[in-house]
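> quick one, fold the following:
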Amino acid sequence: MIAIEVCVGSSCFLRGAEAVIRILQELVERHGVKAEVTLRGSFCMESCTQGVTIRIGPHLHRGVFPEQVPALFAREVLSELAGGGGEGGR
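Okay, here's the model as predicted:
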């Protein structure tokens with residue numbers, strides 16, 4: 001099981017967390033990995049000035065823009081599920 005947490009604190013929310021969550025939900029559905037992935041909102045990840053912050057497993061990704069989500073999902077989630085392991089935090 002891969003856990004994905006998206007910060008929904010005020011700073012991240014204003015910087016696009018809602019769009020990031022929506023895209024992640026669509027990707028989980030499209031790739032049929034609902035049973036392998038949990039997606040939830042989380043409050044402050046201590047990176048408020050760096051934009052939307054996402055934790056995928058143990059890896060923290062800061063300053064994530066909605067347009068970056070599909071590539072991040074492929075690299076960190078789909079790769080891990082395929083047995084390739086994710087790249088890690090940025």
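
> show the contacting residues for the most centrally placed residue in the chain.
When C-alpha atoms, centre = their mean is applied to the chain, the residue found nearest the centroid is I54 (4.4 Å). Residues counted as contacts of I54 (C-beta atoms under 8 Å, 6 or more residues apart in numbering) are 4-7, 20, 60-61, 64, 72. The way it works is simple: take the backbone N, C-alpha and C, and place the C-beta from them, glycine included.

> try it again with 6 Å
Residues near I54 by C-beta atoms under 6 Å, 6 or more residues apart in numbering: 6, 61, 64.

> among these, which one sits closest to E80?
H61 (13.7 Å; C-beta to C-beta).

> angles on the backbone of the closest one, please.
Taking degrees, to the nearest 10, you get phi -120, psi 120 for the backbone angles of H61.

> neighbours around it, how many?
Number of residues near H61 (other C-beta atoms under 10 Å) recorded here: 23.

> what distance do you get for A35 to P58?
21 Å (C-beta to C-beta, to the nearest Å).
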